[in-house]
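**Student:** please work out how this folds:
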Amino acid sequence: MKQLCLFLILSLVFLPLAWSQLRIPAGGGSASSENLQGICLSPLQRQQDWEEIQSIRKRLIQQGKLKAVASRQASVPPLNFPLRQKEGAHYSGYFGIANYVDHDNGSGLQEFTCGNRTYDGHHGTDYFLWPFPWDMMARGEVEIIAAAAGTIISKIDGNFDKNCSWENTGGWNAVYIEHDDGTIAWYGHIKKNTLTNKAIGDRVNPGDYLGLVGSSGRSTGPHLHLEFFTPSGATYDPYLGTCNPTTQLSGWEEQAPYIQPTLNFIQTGDGPPDLSGECLREEFINASSEFRSGERVYFSSYFVDQLPDQSATYKVYRPNGQVWVRWTFNPPQRFNASWWYWWEDLPPNADQGIWTYEVVFEGDTLTQAFSVDVDVVSSTTSVEEGISIGPNPFETYLNVADKEGSPILVTISDICGRLVKSVQIHTEKSLVEVSTLPKGIYFVALHNRKGKQLMVSKMVKK
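**Tutor:** Sure thing, here's the model as predicted:
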């Protein structure tokens, strides 16, 4: 894998505020869009893996666990996407594509679209984690899954999984699956000790868990390297395109666009995000969703494939729904992945309650709630006469009371500011079921029919 070390493009320009429409970021950076030379498997490793696979195949055929290629169907099975977020992960997008298969037989570069989003001699497709690759890997937030049904014909595990180089890195961790038509898929760079419990010779179905994304072997950062081979050992590229000679039909159930401009994540923080640690092994995310009047708030956003002519619109809303600040930004060029941040100082006597950070990009809207001057309140909270919510701490239900019986919107956000539940009530007394929420701290807000925030409490789920 070639280009996952980030080369930072830092802008130390701090613009005074708020209502200027176009703002240069206070800082940030990008994954380099240049092609670095390197291969994810050395020729010797590749040859050793291939010989091991053929030896295991013969044994599985003798054991009746694998059919001979000649007795199988001749069509490649439609492929599903090979990654998914682990339950509980919260990213709108969680990956980008760094490299496709190189179809140029010489020293040049040419992937399936006739472009150069590859490196010389690359046999597969590289899907890298974004926005916080090392943190996402440490938390095990992205799972590798089987793209098609087949039989496990080899597994490699136990190799170091935090590499950031192609030099002297040892072997990778990987799962090898032979599909029912004889094509073979190699899933590489897997995190150590996370491989599927299924054994060699066991069957897998589309979507079955294979492992967690890691950075084992010759790798510059956490990513999945996925490559396919025909029974004879020739490279198969499932992406349909003018310059892909290996197929006349897309191998995917749904082939994704070549360029996928995506807003993967937004965040508020109490410090600038810093992804500039050596080889990104240490990322300072500095996330926070709790602030006090007068404090500085950092607003960050994380993109994949954002194009220079694609503007993102940023807004920060007060608790009453009014816009506090707004701005727009578009990058100077396309990057495989990029991150940008701005900061604002809250007013000395800021409105108490839940504020909202919003970014709109290419028709998608992401929001992040954050609190200002909100404390944990014990027992039942009552801010306005006749309106209350409790108990605090809570377990299975929240009791919401309004003597007027007016429509009230109850919103519950977790400590990171992510909206986890929204309920409309219309009676004087209502029970809001919250038994499925994990234990922790939440911000619970009540809004009237016009969206005005009537009250907000910092509450604890036991």
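
**Student:** for the spatially closest residue to residue 302 that is not a sequence neighbour, give me its contacts.
**Tutor:** Leaving out its chain neighbours, the residue that sits closest to residue 302 by Cβ to Cβ, 6 or more residues apart in numbering is residue 131, at 3.4 Å. All C-beta spots, glycine's among them, are computed from the backbone N, C-alpha and C. Residues in contact with residue 131 (Cβ atoms under 8 Å, 6 or more residues apart in numbering) are 91, 264-265, 302, 337, 339.

**Student:** TSV for those residues, including pLDDT?
**Tutor:** Output for the contacts of residue 131, formatted as TSV (pLDDT from 0 to 100):
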residue	pLDDT
91	93
264	97
265	96
302	96
337	91
339	92
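
**Student:** could you dump those to JSON lines with neighbour count?
**Tutor:** JSON lines is the format used below for these (neighbours: other Cβ atoms under 10 Å):
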{"residue": "91", "neighbour count": "18"}
{"residue": "264", "neighbour count": "22"}
{"residue": "265", "neighbour count": "21"}
{"residue": "302", "neighbour count": "27"}
{"residue": "337", "neighbour count": "30"}
{"residue": "339", "neighbour count": "25"}
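
**Student:** which single one of the residues you listed is nearest to residue 433?
**Tutor:** Using Cβ to Cβ, residue 91 is the member of the contacts of residue 131 that sits closest to residue 433, with 26.7 Å.

**Student:** please report phi then psi for that closest one.
**Tutor:** Here is the backbone geometry of residue 91 (degrees, to the nearest 10): phi -90, psi 140.

**Student:** just send the contacts of residue 131 back as JSON lines, with distance to residue 402 too.
**Tutor:** Output for the contacts of residue 131, formatted as JSON lines (distance: Cβ to Cβ, whole Å):
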{"residue": "91", "distance to residue 402": "36"}
{"residue": "264", "distance to residue 402": "39"}
{"residue": "265", "distance to residue 402": "36"}
{"residue": "302", "distance to residue 402": "39"}
{"residue": "337", "distance to residue 402": "46"}
{"residue": "339", "distance to residue 402": "43"}
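
**Student:** of those, which belong to strands?
**Tutor:** The strands, defined by DSSP state E, take in 264-265, 302, 337, 339 from the contacts of residue 131.

**Student:** now for those residues: which two are most distant?
**Tutor:** Greatest spacing in the ones in strands among the contacts of residue 131, by Cβ to Cβ: 265 and 337 (10.9 Å).

**Student:** excluding sequence neighbours, find me the nearest residue to residue 115.
**Tutor:** Among residues not flanking residue 115 along the chain, residue 258 sits closest, at 7.7 Å (Cβ to Cβ, 6+ apart).

**Student:** I figured that neighbour hits residue 113, correct?
**Tutor:** Yes. Here residue 258 lies in contact with residue 113, judged by Cβ atoms under 8 Å, at a distance of 5.3 Å.

**Student:** what residues do those two have in common as contacts?
**Tutor:** Residues within reach of residue 258 and of residue 113 at once, by Cβ under 8 Å, 6+ apart, are residue 241.

**Student:** let's check: the centremost residue of the protein is which one?
**Tutor:** Taking Cα atoms, centre = their mean, the centroid of the chain lies closest to residue 94, which sits 1.4 Å from it.

**Student:** which residues touch that residue?
**Tutor:** Residue 94 neighbours (Cβ under 8 Å, 6+ apart): 83, 85, 129-130, 136, 141-142, 264.

**Student:** can you tell me which of those end up in helices?
**Tutor:** Under the assignment DSSP state H, the contacts of residue 94 contribute residue 136 to helices.

**Student:** buried ones from the contacts of residue 94, can you make that a PyMOL selection?
**Tutor:** The PyMOL selection below is limited to those of the contacts of residue 94 classed as buried (16 or more other Cβ atoms under 10 Å):
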select buried, resi 83+129+130+136+141+142+264
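
**Student:** narrow the contacts of residue 94 to those in strands?
**Tutor:** Using DSSP E, the subset of the contacts of residue 94 located in strands is 83, 85, 129, 142, 264.

**Student:** can I get those in a markdown table including distance to residue 152?
**Tutor:** What follows is the ones in strands among the contacts of residue 94, written out as a markdown table (distance: Cβ to Cβ, whole Å):
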| residue | distance to residue 152 |
| --- | --- |
| 83 | 18 |
| 85 | 23 |
| 129 | 24 |
| 142 | 20 |
| 264 | 31 |
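
**Student:** which among those residues gets closest to residue 397?
**Tutor:** Proximity of these to residue 397 (Cβ to Cβ) peaks at residue 85, which lies at 29.4 Å.

**Student:** you'd agree that closest one is up against residue 141?
**Tutor:** Yes. If you go by Cβ under 8 Å, residue 85 and residue 141 touch, sitting 6.3 Å apart.

**Student:** any common contacting residues for those two?
**Tutor:** Shared contacts of residue 85 and residue 141 (Cβ under 8 Å, 6+ apart): 91, 94.

**Student:** pull out the buried positions in stretch 452-459.
**Tutor:** 453-459.

**Student:** just put the residues you listed in a markdown table and tack on secondary structure and distance to residue 155.
**Tutor:** Formatted as a markdown table, the buried residues of stretch 452-459 follow (DSSP: H, G, I helix; E, B strand; the rest coil; distance: Cβ to Cβ, whole Å):
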| residue | secondary structure | distance to residue 155 |
| --- | --- | --- |
| 453 | strand | 54 |
| 454 | strand | 57 |
| 455 | strand | 55 |
| 456 | strand | 51 |
| 457 | strand | 51 |
| 458 | strand | 47 |
| 459 | strand | 46 |
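
**Student:** what's the closest non-adjacent residue to residue 412?
**Tutor:** Distances taken as Cβ to Cβ, 6+ apart put residue 421 closest to residue 412, at 4.3 Å, once the chain neighbours are dropped.

**Student:** partner strands of the helix or strand that that neighbour is a member of, with direction?
**Tutor:** Element membership of residue 421 [criterion: DSSP states H and E] is strand 419-425. The strands that strand 419-425 pairs with in its sheet are strand 408-414 (antiparallel) (by DSSP bridges).

**Student:** ok, residues contacting the strand it pairs with?
**Tutor:** Applying Cβ under 8 Å, 6+ apart, the contact partners of strand 408-414 are 289, 354, 369, 387, 389, 398, 400, 402, 419-426, 432, 434, 437, 440-449, 451, 454.

**Student:** which of those count as buried?
**Tutor:** Buried residues within the contacts of strand 408-414, counting neighbours by 16+ other Cβ under 10 Å: 289, 354, 369, 387, 389, 398, 400, 402, 420-421, 423, 425, 432, 434, 437, 442-447, 454.

**Student:** who touches both of residue 265 and residue 337?
**Tutor:** Common neighbours of residue 265 and residue 337 (Cβ under 8 Å, 6+ apart) are 131, 302.

**Student:** just give the nearest non-adjacent residue to residue 23, would you?
**Tutor:** Among residues not flanking residue 23 along the chain, residue 327 sits closest, at 4.1 Å (Cβ to Cβ, 6+ apart).

**Student:** in terms of helices and strands, where is that neighbour?
**Tutor:** Residue 327 belongs to strand 323-329 when assigned by DSSP H and E.
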